[in-house]
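J.: Turn this into a structure:
(one chain, ligands or ions: 1)
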Amino acid sequence: MAEATGRQDGLLPLVIVGGFLGAGKSTWLRHQLFTRRFGRVHVLVNEAAEMPVDDLLLGRAERLDVLAGGCACCSGRADLLAALRRICDAGAVALDTIVLETSGIADPAAIARAIMEDPVLVRRIVLTRTIVLVDALEGPGQLATEHLARAQAEAADEIVVTKAAEAPAPNRSRLAATLRGLAPDARLGWADFGVETKVETDPDALPFDLGPVAEDSGPIQAHRLDAGSAGGWWALSAWLSALLFARGDSIVRVKGAVRSPAGRLLLQSVRRHVQPPEILPEREQPQEGEGDFIVLIGRGIDPVRLQASWDRFVLGHEGRAEGIARDDP
Ligand SMILES: Nc1nc2c(ncn2[C@@H]2O[C@H](COP(=O)(O)OP(=O)(O)OP(=O)(O)O)[C@@H](O)[C@H]2O)c(=O)[nH]1
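T.: Alright, predicted model coming up:
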């Protein structure tokens, strides 16, 4: 049942979906689009990096735009405001809601501020809800160390803890207590692959001790590696596993797409958790830039050394794991 309705004031409702890198935003949103929770929807996806497969992953929206390669709360702000103005002006498709999936390094409060300070948008759009997703497994660590993860939770009207089934019950209770402390007024729910699930938590559980976040540990940045046709999918998967083993602390998120005999595979990891590959739907018309690639998002990654590491792995060592050095990339 769609929760969106036409408004008397004529303003177009906007829902912001935020959460840290890999929290499960796209997976959750995909399911909401399937159930038509937001009615007739225009989805805007903001990615920190160019990911020319995101539109394939989010099928069921009236319209979908990907704003890639800049975070909408900072460098990509102008693009986001322009995209929202275009949606407001288009008007051809009657819409119930605009849903903005932010990048994992965005502060939803900064985005909301930017929209409300825009003299045109403030008269066309109303922010009805900020939904922030928190990973049941990685969330406690992220809240403890990343200032941004806390800011995201604090900005929420609704928090959805994803990967609910994966976390042990005591951790779920402590995470719930922690999130209630950060966002006391937010509705707290749980989901597995986007499907809302009921989780009993202990109301007396103690929150995690968050403590002070580390002083500036440097910006999280995205780097894209075009893998060319050498090596094939198995080499890319093996290189990635070895790289995460050697440098998993500084690599927060990996996404990539690679051709395999079964079709195009989406490879991903969140921290050191390598996810099972997913077969991507094929496009009717292949798009430019859709070769094999990997996007690595993290701190202190040197793109030149990253490329050299891959080249050494695939060319110099013919796919043997010795191509990865401990200090790669
Ligand atoms: N077990 C489990 N895995 C999940 C769940 N939700 C998402 N995932 C997996 O977590 C990984 C990240 O999910 P995404 O939906 O791509 O996360 P995201 O927040 O959109 O990622 P970024 O846009 O890169 O920040 C994928 O491999 C998903 O399959 C869940 O509820 N349970």
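J.: just the helices in the stretch 1-150 of the chain please.
T.: 25-35, 54-57, 77-90, 108-117, 139-145, 147-154 (DSSP state H, counting those that start in this stretch).
J.: out of those, which comes closest to V252?
T.: Closest approach to V252 among the helices of the stretch 1-150 of the chain (C-beta to C-beta): helix 139-145, 8.9 Å. C-beta: built from backbone N, CA, C; applies to glycine.
J.: quick one on the thing from earlier: out of the helices of the stretch 1-150 of the chain, which gets nearest to the ligand?
T.: helix 25-35 (3.4 Å; C-beta to the nearest ligand atom).
J.: what does the average pLDDT come to for the closest one?
T.: If you average the pLDDT over helix 25-35, you get 93.
J.: likewise stretch 293-308?
T.: 89.
J.: can you list the helices of the stretch 1-150 of the chain in TSV and add mean neighbour count and distance to L182?
T.: Formatted as TSV, the entries for these read as follows, by neighbours: other C-beta atoms under 10 Å; distance: least, C-beta to C-beta, whole Å:
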stretch	mean neighbour count	distance to L182
helix 25-35	19	18
helix 54-57	18	28
helix 77-90	16	25
helix 108-117	18	13
helix 139-145	20	7
helix 147-154	21	4
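J.: Which residues of the protein lie near the ligand?
T.: Applying C-beta under 6 Å from any ligand atom, we find that the chain lies next to the ligand at 19, 21-27, 104, 162-163, 166, 191-193, 253, 255, 268, 270, 275.
J.: ok, back up a step: just flag whichever of the helices of the stretch 1-150 of the chain has the lowest average confidence.
T.: Least confident of the helices of the stretch 1-150 of the chain, judged by mean pLDDT, is helix 54-57 with a mean of 67.
J.: So this protein: which segments form each domain?
T.: 12-197, 221-280+287-323 (automatic domain parsing).
J.: Tell me which of these sits most buried.
T.: With neighbours taken as mean count of other C-beta atoms under 10 Å, the domains of the chain reach their highest mean count in domain 12-197, at a mean of 20.
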